[in-house]
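Asker: Take this sequence and fold it.
(chains A, B, C, D, E, F, G and H, ligands or ions: 10)
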Amino acid sequence: MTEEIIIAGFGGQGVLSMGKILAYSGIMQDMEVSWMPSYGPEMRGGTANVTVILSEEKINSPVLQEFDSAIILNQQSMDKFEESVKPGGVLLYDPNGISKHPTRTDINIYKIEAVKEAYDIGNTKAFNMIVLGAFLKIKPLVKMENVLKGLKKSLPERHHHLIPMNESAIKVGLEKVETV
Amino acid sequence: MTEEIIIAGFGGQGVLSMGKILAYSGIMQDMEVSWMPSYGPEMRGGTANVTVILSEEKINSPVLQEFDSAIILNQQSMDKFEESVKPGGVLLYDPNGISKHPTRTDINIYKIEAVKEAYDIGNTKAFNMIVLGAFLKIKPLVKMENVLKGLKKSLPERHHHLIPMNESAIKVGLEKVETV
Amino acid sequence: MAEILTPEEIIKQGEPVFVKTKLMTDNTLSYCPGCGHGVAHRITMEVLEEMGIGDQTIGVAPVGCSVLAYEFMNIDMQQAAHGRAPAVATGIKRLFPEKYVFTYQGDGDLAAIGTAETIHACNRGENIVIIFVNNGIYGMTGGQMAPTTLEGMVSSTSPHGRDVEMMGSPIKMTEMVATLPGVCFATRQAVHKPGLVRKAKKAIRKAFENQKDKKGTSIVEIVSNCNSGWKMTPVDSNIWLEENMLPVFPLGDIKG
Amino acid sequence: MAEILTPEEIIKQGEPVFVKTKLMTDNTLSYCPGCGHGVAHRITMEVLEEMGIGDQTIGVAPVGCSVLAYEFMNIDMQQAAHGRAPAVATGIKRLFPEKYVFTYQGDGDLAAIGTAETIHACNRGENIVIIFVNNGIYGMTGGQMAPTTLEGMVSSTSPHGRDVEMMGSPIKMTEMVATLPGVCFATRQAVHKPGLVRKAKKAIRKAFENQKDKKGTSIVEIVSNCNSGWKMTPVDSNIWLEENMLPVFPLGDIKG
Amino acid sequence: MEEVRLMKGNEAIAEAAIRAGVDGYFGYPITPQSEIIEYLMLEQPHLRTGMQVLQAESEVAAINMVYGAAGCGKKAMTSSSSPGISLKLEGISYIAASELPCLIVNVQRGGPGLGTIQPSQADYFQAVKGGGHGDYRLLVLAPASVQEMADFVDLSFELAFKYRTPVMILSDGVIGQMMEKVVLPPQKERLSNEELIKKYGSWATTGKPASRERNIITSLELKSERQEAHNHKLQAKYKEISENEVRFEKLNCDDAEYLIVAYGSSARISQKAMQIGREKGIKVGVLRPITLWPFPSDEINKLADQVKGILTVEMSAGQMVEDVRLAVNGKIKVEYFGRYGGMIPSPNEVIEALEQKLIGG
Amino acid sequence: MEEVRLMKGNEAIAEAAIRAGVDGYFGYPITPQSEIIEYLMLEQPHLRTGMQVLQAESEVAAINMVYGAAGCGKKAMTSSSSPGISLKLEGISYIAASELPCLIVNVQRGGPGLGTIQPSQADYFQAVKGGGHGDYRLLVLAPASVQEMADFVDLSFELAFKYRTPVMILSDGVIGQMMEKVVLPPQKERLSNEELIKKYGSWATTGKPASRERNIITSLELKSERQEAHNHKLQAKYKEISENEVRFEKLNCDDAEYLIVAYGSSARISQKAMQIGREKGIKVGVLRPITLWPFPSDEINKLADQVKGILTVEMSAGQMVEDVRLAVNGKIKVEYFGRYGGMIPSPNEVIEALEQKLIGG
Amino acid sequence: MAKVKGAIVVDTERCKGCNLCVVACPTNVIELNEEVNIKGFNYAYPKFHDACTGCTNCATVCPDMVITVYRFKPAKA
Amino acid sequence: MAKVKGAIVVDTERCKGCNLCVVACPTNVIELNEEVNIKGFNYAYPKFHDACTGCTNCATVCPDMVITVYRFKPAKA
Ligand SMILES: Cc1ncc(C[n+]2csc(CCOP(=O)(O)OP(=O)(O)O)c2C)c(N)n1
Ligand SMILES: Cc1ncc(C[n+]2csc(CCOP(=O)(O)OP(=O)(O)O)c2C)c(N)n1
Ligand code: SF4
Ligand code: SF4
Ligand code: SF4
Ligand code: SF4
Ligand code: SF4
Ligand code: SF4
Ligand SMILES: [Mg+2]
Ligand SMILES: [Mg+2]
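Answerer: Ligands and ions are numbered 1, 2, ... in the order given. Next up is the predicted model:
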């Protein structure tokens, strides 16, 4: 099994850390993982994306042109990555701020109103965990227990008290994801 | 005709400019010339030497291991260059400050008491011109008129009044050189 | 008697009293919201416009966030290697003495890697203007410590606060170069308040007038925020600047 | 009553009151006759000997005439790239804080190409000693202009005299670094007269004592002749030094 | 103390340096490798092992700090990216000439000039032919994974001290910025000063005791004869390294009809290309040089007797291809494919290039 | 105004620079090339032609001054020797990337490190493969006489402006320090600012008039696609230069059975060796590359069909030999002989090496 | 008494919502909008436009040159 | 009255004849020799040795560490 994922959105949306938690979760169940971010000069309002690969085999290229799944969190990223989902693959997006919705018919499209849900649970920082939950519903690549272990590993000790909050955000995502 | 000459002595004895005048004289009679100095960090009391080649043909290597003529002005240079005179070649030296006189028998050895002569004519700066005169007596490579033209070329304008003095020093050399 | 006018009427009938200078291009600034570079750029270009020398000026951009200054300043510009803007400006000015030449540099650029170039251009009294934006950090590369980072200040390479024992004290380049005879004008300004912006602009004007009069090197330091690097909102960063940067880097003319 | 003794008797019966320190090797100095480097070397080594720290000291030689200092100073030494001695010394001292570390640098080395390294080592307050031999010229390479060359002074790259309009003014590095908090002691000395030599030695001693006490950077500038570069006899060069160098580079403590 | 972590390549180097018992790191920030110094500063290794970390005023200062530290027999390192490495070249030449062991990390970005901060492999020539002046060599290791970023730190110092020579880890923005699983090596003790003096006191400047002659670290030689003798010594050492330290990895080479030669992140991509190629029925193998200098010339020469053609894949305009050609010496066709200026070749492009340039061509 | 003089190679460069109408020289003293700046300072070219001469605070500053001046379309140059050139490499990479025409002179001395001040040719790789970071090339001219030192200055600027690319004169201590007869070229007028703007105003920063868009000199590109496109443009230019600007000299090659390839002072020595060889009955010819990049590969490849073996003679541990091998591509034996670290090979040694390595061997 | 009146135009699409104009305005004319522009910033707008005196403070501190200021000086009655 | 007496030893082969000791000696003890040493320098020697007080000035300024100074203080009578 190899899953090749792109997560893309604005800087500040927690794109990179979502990818990191996913990757750490993979490690927790002994998978091979790679996490390759786009990187650039510090400039607010820019876009950020990360390629995450989870695999049972050794991973060769960490840089990809096509993906099994795309998690898309703003319009620029939609423009850039909709085409790069493999036929039959998954596209998950948050419709907030999306003006041109995806149009492909050869892929499976899902949406999660994560901005809204985060607002509703009164924790805008949980946004990315809600998205992660949604994705794990569609692609249960890693077990919840391993996600929690991954969270623990990727958060510094002093933030471990936030884990339960993250867990419930993930659950919101698991519940609220919709097929388009 | 190609003449390969090494001139060697202390820094400050005018070794380099003697070579330069010789080379310029060559140019004045349309010869090819090259002048290649040893160079090093500025340090008083060091040795200086220059390889001068005068030729009717194009000169290839400006750096040589063997010479037709060696003009030697201190003991260190004697130690270093006596052996590099080609058999049948010329070695001209000033015995002042020489403790080990040349011993080779397969070359023609000359001496010129240039320090003494310069002292006698009351012009220690003329030392190197006396040596040059001595050398030109042994090897009349360039005509006197061309030497004077060469002098003119190699001296800055403001020193041109010194040319007659240099000319008479050269003549002293022409006269006083001795076969050993 | 004047009626109460609507804003629309004022705009139509009134006079525009603040319009973007044409010496700034229409490209969107690449700077973070609230970053002081934008204002520093603008007032520099306003001075050139007011002096009518935009077409006779060659600017030198540094490596730092303002590396892209040439995208925003609508004049001929060169982008210099990190720290070398004063050398590049020297090369330009020596061969084009009739042109106006300025560098625009950050504190990492000018006070770390470019220390020698800064000091020697100043010592030679190169007839140029140096605009020196001191934000106490390496903005572009993600907020590392600069030579001007304050004692105790957190940055990505002083995550436990700058320890002056280990890392040295914040360096005051403008004071230092002011001691050199080649420097005719050295001043420290800021741009986070309207009044200060106007003062800073006057200082820049004076600097270019000095160049016109062939007086030597003028350096205008502008203490500015790097709200991204400092990890604050723009408004908070300006307050922090007042409270923390200005005591160490006090505003005012140092020389000339 | 004492008889009139012959010199031979004095030598035999008397006490040796001046003997070459063992921290200088027996190699013949490569310096020109009368060059100040020799005395500067010797008094530095005398200080180490008197403090008993020769075996705990690592010296850093520059590129310049004194590049060969390691042939003459009988201690462990490194030879640094041109201008980089303070960085090299920083590398040594940071990893060997218990050793004594000093650089020995010329004015071209320290004040031209090495400006940034000098200023930043001083700003960090590296706990080292910098011996800075200022002879107003590049001795080693044949007498080119240095940043410290005097106005109007002739050198091979200012053959018509240093024109400060074109080439800048002689730079006073010691004064400049004295303004930095990291510097605990900055002084200017000379070695062309017996009394001055003794004073200079005291200053060097103080510098090493500072290092012992972990006080930060000490810089001891020594104004010296380069009679070869200046094209004078050694005696004349020392007179010229008094009359021309010292007014621009006055002797005495600048800080500490 | 072995430990599995998810880390960036840059972070892995930094953590591995602490664990390798490195004494000092000196660096200046530059993308895409600033995480190395940032990680170290955050981690405060002086509290863990006594390792010192200093942000220098410039790359030039940093490499000369390494010179000073290495001259004392200490384990010293620096890191930078392409333009910063160019600035270090005088210092690197000095270090090589003075035979000082140390580690220099180059996480390459696209050039020339200020270029881009995106990944690149265009400093190959600089690394392997000697970008600085004079006849010197760096021992160059090219990691292709975060694990190797970690592993090569200790290896570098082993080699550096074994041969008293500077070692370069030539990485790139992909390997520096990506995260992978990494098994961290156990903590090595730093040498105490006494141990250091015992091991390296014969040459390092550790303070001259009465019992030995003074130690001098220098690269100056006024006499040409002696300079040449010194250079002969360096060349002899380089020969020894060439004979003993060539490292490479071969994948699917046994039955290969075509060979891809690629290092670092290009090798990762080429492995995927190989998969695609094999699926298409093209018998292609990959040789991944791990040491770029010494280069696995003999192995490539041998493979040239077996395969029909070789393609090098590089994120440059074609540099390593010269060394492959020199190795093959005309036996078979050697072609190059690459993307550059921050662009990364895709596996599909690689296999297309192979088909076009070697099979179809 | 042609004039015959006896001059050092270094002086010839300086005088030729004045006569070529160079606008500015920026340099820092270093042996064995300080005569260049010394001659200029003595000559006061600002009074003769308006040329400006400045002693910079360092080599780094000097090359960046050249960058600034060249960016204005001015004729700017610098010179140094090996360690100083290493310091310039970041700047050189910037200049190449920004496509600025200029001249860099390297009068090589023995390295690595501080090394010796005696002649050497060990910066060949640095010059021709790009010592700095990224994929760039210098057009490299190798003078073998004082006359060529003079002639190549104007030629360098012609080529530099034709291709908007930096040109290097790669000389050495022999050619720099020796005096020979030199016929000085006539004085070229310096361009007036108006002429300059007319010729180069399309790209140079000369002050933006209302009539054109602003000119920008930069090497930054945040988008990889655009950086790659820029690099493709550079590579296309380099290809064009390779096709058009190869220069070399052949001596006695027509009937040669053995070939010596050597440049600069080594070529002079090899000519003498050729004489000795011919006297001994060995049919040996000399090919002297005048451009080291682009390298006369085609010509050497052709000669490889004729001769039995090739010997390169270099004052290095063997660098150019790689380019000769690449040119020959395995056709015949290519061997290297050299002295280095400031030592100069003697003609006799050369011919002995030829006998041993190619004839006897 | 002729009071000088001012008005501003904010180029909302280029505004980055940094809030600096808001704190710089002496008469509290400006606020950030709850809506975001295309770049996702809560852009500034003259909420209490009538209070504007045309002092240019807002435009002077705006790093992005987003504000144009107009002033109207009624003719003396 | 016990006057301190001094004497110097010049390592003539290492002397570079710079003349600095000559001008530094308060009692004019030293002069340069007309003869040269092996390196060609007119080396220093104590021509008026009796005048030497052992003050060490000469040695202190000698760049080449060529001079050793001895002092003899007669016991008080
Ligand atoms: C030779 C070199 N070293 C390092 C860098 C990386 N770098 C780019 S900008 C920068 C610092 C910028 O800081 P500053 O000058 O303060 O400008 P700011 O971004 O804060 O305005 C650094 C270190 C580089 N581009 N080149
Ligand atoms: C990078 C580099 N640039 C230039 C040189 C040449 N160089 C050697 S010493 C020197 C100047 C020495 O002058 P200074 O530091 O004043 O020492 P002094 O000889 O006067 O004691 C120069 C320019 C060099 N060796 N390396
Ligand atoms: S990182 Fe700092 S300096 Fe750079 S644009 Fe953002 S706020 Fe301004
Ligand atoms: S050249 Fe000058 S500094 Fe160098 S040894 Fe001679 S006198 Fe001293
Ligand atoms: S012009 Fe003055 S009063 Fe009007 S909005 Fe701007 S700051 Fe406020
Ligand atoms: S200052 Fe400018 S960019 Fe900032 S909120 Fe106001 S109008 Fe927008
Ligand atoms: S010790 Fe004093 S008195 Fe004696 S020779 Fe020396 S300087 Fe003169
Ligand atoms: S000072 Fe020393 S070197 Fe100079 S003349 Fe006197 S003894 Fe000789
Ligand atoms: Mg900054
Ligand atoms: Mg000096």
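Asker: pLDDT below threshold where in the stretch 1-150 of chain C?
Answerer: C:1-3 (pLDDT under 70).
Asker: repeat that for 80
Answerer: Applying pLDDT under 80 to the stretch 1-150 of chain C picks out residues C:1-4.
Asker: Check chain G too.
Answerer: By pLDDT under 80, the weakly predicted segments of chain G are G:1-3, G:74-77.
Asker: what does it put close to chain A?
Answerer: Listed as neighbours of chain A in chain G under the rule C-beta under 8 Å from any C-beta of the partner chain: G:Lys16, G:Val36, G:Lys39, G:Gly40, G:Phe41. To be clear about C-beta, it is placed using only N, CA and C from the backbone, and glycine gets the same treatment.
Asker: For those residues, which single residue is the most surrounded?
Answerer: Most neighbours among the residues of chain G next to chain A, by other C-beta atoms under 10 Å in any protein chain shown: G:Lys16, with 28 neighbours.
Asker: you'd agree it is up against C:Cys35?
Answerer: No - the pair G:Lys16 / C:Cys35 is not scored as a contact, 9.1 Å apart, by C-beta atoms under 8 Å.
Asker: which residues do those two both contact?
Answerer: Counting by C-beta atoms under 8 Å, 6 or more residues apart in numbering or on different chains, the common neighbours of G:Lys16 and C:Cys35 are G:Pro63.
Asker: thinking again about what came up before, looking at the residues of chain G next to chain A, point me to the pair that's furthest apart.
Answerer: Spanning the widest gap among the residues of chain G next to chain A are G:Lys16 and G:Val36, at 10.9 Å by C-beta to C-beta.
Asker: Quick check, the residue in chain G closest to chain D?
Answerer: Here chain G gets closest to chain D at one residue, G:Pro63, 30.9 Å apart by C-beta to the nearest C-beta.
Asker: burial measure for that residue, as a count.
Answerer: 27.
Asker: Could you measure from it over to chain A?
Answerer: As for G:Pro63, its distance to chain A is 12 Å (criterion: C-beta to the nearest C-beta, to the nearest Å).
Asker: ok, the residue in the stretch 251-361 of chain E that ligand 4 sits nearest to - contacts?
Answerer: Nearest residue of the stretch 251-361 of chain E to ligand 4 (C-beta to the nearest ligand atom) works out as E:Trp293 at 39.3 Å. Going by C-beta under 8 Å, 6+ apart, E:Trp293 touches E:Ala127, E:Val128, E:Arg137, E:Leu138, E:Leu139, E:Val140.
Asker: Ok, E:Asn348 next?
Answerer: A:Gln65, E:Ala273, E:Ile276.
Asker: From the residues you listed, which shows the smallest pLDDT?
Answerer: On pLDDT alone, A:Gln65 ranks lowest of those, at 91.
Asker: three-state assignment of that residue?
Answerer: At A:Gln65 the chain is in coil, as set by DSSP: H, G, I helix; E, B strand; the rest coil.
Asker: tell me the contacts of E:Lys333?
Answerer: Neighbouring residues of E:Lys333 by C-beta under 8 Å, 6+ apart: E:Lys308, E:Gly309, E:Ile310, E:Leu358, E:Gly361.
Asker: Pretty sure the third one sits against E:Met320.
Answerer: No - taking contact to mean C-beta under 8 Å, the distance of 11.0 Å between E:Ile310 and E:Met320 leaves them out of contact.
Asker: Please enumerate the shared neighbours of those two.
Answerer: Common contacts of E:Ile310 and E:Met320, defined by C-beta under 8 Å, 6+ apart, comprise E:Val261.
Asker: isn't the residue of chain G closest to chain D right up against G:Leu20?
Answerer: Yes - G:Pro63 is within contact range of G:Leu20, at 6.9 Å (criterion: C-beta under 8 Å).
Asker: Any figure for the gap between the nearest residue to C:Gly106 once chain neighbours are set aside and chain F?
Answerer: Among residues not flanking C:Gly106 along the chain, C:Gly64 sits closest, at 3.5 Å (C-beta to C-beta, 6 or more residues apart in numbering or on different chains). Distance from C:Gly64 to chain F, counting by C-beta to the nearest C-beta: 11 Å.
Asker: give me the number of residues near C:Gly64?
Answerer: There are 27 residues near C:Gly64, going by other C-beta under 10 Å.
Asker: repeat for C:Gln13
Answerer: Counted with other C-beta under 10 Å, the neighbours of C:Gln13 add up to 13.
Asker: could you list every residue that touches it?
Answerer: Residues in contact with C:Gln13 (C-beta under 8 Å, 6+ apart) are C:Leu5, G:Phe72.
Asker: May I have the phi/psi pair for it?
Answerer: phi -90, psi -30 (degrees, to the nearest 10).
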